[in-house]
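>>> pasting the sequence and the predicted coordinates here, then a few questions.
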Amino acid sequence: MDLIEALNWRYATKRMTGEKIAESDLNIILEAIRLTPTAYGLQPFKVVVTRNEDLIGEIYRKSCPQIVIRQCSHLLVFKARKKLDSEYLEGYLKEMKRQRNSTDEYIDGYRSKILRVIDDPQINKFSWMIRQTYIALGYATVAAAASGIDATPIEGFDAQSLNEVLRLDTEKEEAVVMLALGYRDEKEDKLIYLPKIRKPMDLLVEKI
Ligand SMILES: Cc1cc2nc3c(=O)[nH]c(=O)nc-3n(C[C@H](O)[C@H](O)[C@H](O)COP(=O)(O)O)c2cc1C
């Protein structure tokens, strides 16, 4: 499958078979998340990966009663940071200096650029970090499709109870979106043969 074929093949699967995906396929999806571009490269998110039936059952009962959760192979929970504190920022800049052998002058300039965002009272930092997190969701979804793995993005959950189930320190991070990975149940999923509803190109793209 080429990329566009894969994107036509994929859909937000509502019924999965429960079959486990291979570790190698999972790793491709996780690597795509790792390689996701983010503003200034800060990657202000983390991803919880689980195939633990007890945990998934608890998430289903308490925060997200969508059947696909019970039927997936693995569930990814994307968590966004609440704050970009100086410890996190300096850790990132230190790593940049180490890996790229950057000069102090360059790192100071880069820090100033990032601080312009962090210190801007007009910018809602959590919302900014959530936006970065959704780019990773997109990359994961495309990587899954390219590997022939079904993936359902899931935003329809009770965030407060999901944070509680995952025992998150909500001063530091919150669950913002999930991705259920697995294989479509071709007999049970009524959506499988429906056409995609998408705008025609000329209503989506303005060429100027
Ligand atoms: C951020 C996001 C959140 C979504 N949340 C849910 C959800 O909670 N449950 C669900 O069944 N589908 C969910 N979807 C799937 C969309 O409804 C679906 O992607 C859209 O209708 C387009 O259809 P397609 O992906 O099958 O092409 C979500 C998709 C995105 C991108």
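Great, that's in hand. Here the structure is a predicted model, which means the values were calculated and not measured.

>>> I'd like to check what contacts the helix or strand hosting V48. Which residues are they?
Counting by DSSP states H and E, the element that carries V48 is strand 45-50. Outside strand 45-50, the residues that touch it by Cβ atoms under 8 Å, 6 or more residues apart in numbering are 26, 30, 33, 56, 74-81, 129, 132-133, 136, 166, 173, 175-176. C-betas here are computed from N, CA, C, even on glycine.

>>> quick one: strands adjacent to that strand?
Within its sheet, strand 45-50 is paired with strand 74-81 (antiparallel), according to DSSP bridges.

>>> touching the ligand at all, the partner strand?
No: Strand 74-81 lies apart from the ligand when judged by Cβ under 6 Å from any ligand atom; the minimum separation is 9.9 Å.

>>> quick check: which element contains T133?
Taking DSSP H and E as the definition, T133 sits inside helix 125-146.

>>> ok so, going back, chain center to the strand holding V48, what's the gap?
8 Å (Cα atoms, centre = their mean, to the nearest Å).

>>> could you pull up the mean pLDDT of it?
Per-residue pLDDT values over strand 45-50 give a mean of 98.

>>> start the count at 527 instead of 1 going forward.
Sure thing, new numbering starts at 527, so read that last one as strand 571-576.

>>> who does whatever helix or strand comes next after that strand touch, helix- and strand-wise?
For strand 571-576, the succeeding helix or strand toward the C-terminus, using DSSP H and E, is helix 579-588. Helix 579-588 sits against helix 593-597, helix 685-691, with contacts defined as 3 or more Cβ pairs under 8 Å, 6 or more residues apart in numbering; DSSP states H and E.

>>> tilt between helix 579-588 and strand 600-607?
Following axes from the mean of the first three to the mean of the last three Cα atoms, to 10 degrees, one obtains 70 degrees for the angle between helix 579-588 and strand 600-607.

>>> give me the contacts around helix 579-588.
Under the contact criterion Cβ under 8 Å, 6+ apart, helix 579-588 has outside partners T576, Q592, I595, R596, C598, L601, F683, D684, S687, L688, E690, V691.

>>> now those residues: which count as buried?
When burial is judged by neighbour count using 16 or more other Cβ atoms under 10 Å, the buried members of these are Q592, I595, R596, C598, L601, F683, S687, L688, V691.

>>> what is the most widely separated pair among those residues?
Longest distance between any two of the buried ones among the contacts of helix 579-588 is 18.8 Å, between C598 and S687; criterion Cβ to Cβ.

>>> and N553, how many neighbours?
Per other Cβ atoms under 10 Å, the neighbour tally for N553 reads 12.

>>> other residues contacting the host helix or strand of it?
Secondary-structure element containing N553, defined by DSSP H and E: helix 549-560. For helix 549-560, contacts defined as Cβ under 8 Å, 6+ apart pick out 573, 575, 600, 602, 662, 665-666, 668-670, 672-675, 677, 707.

>>> alright, calling it a day.
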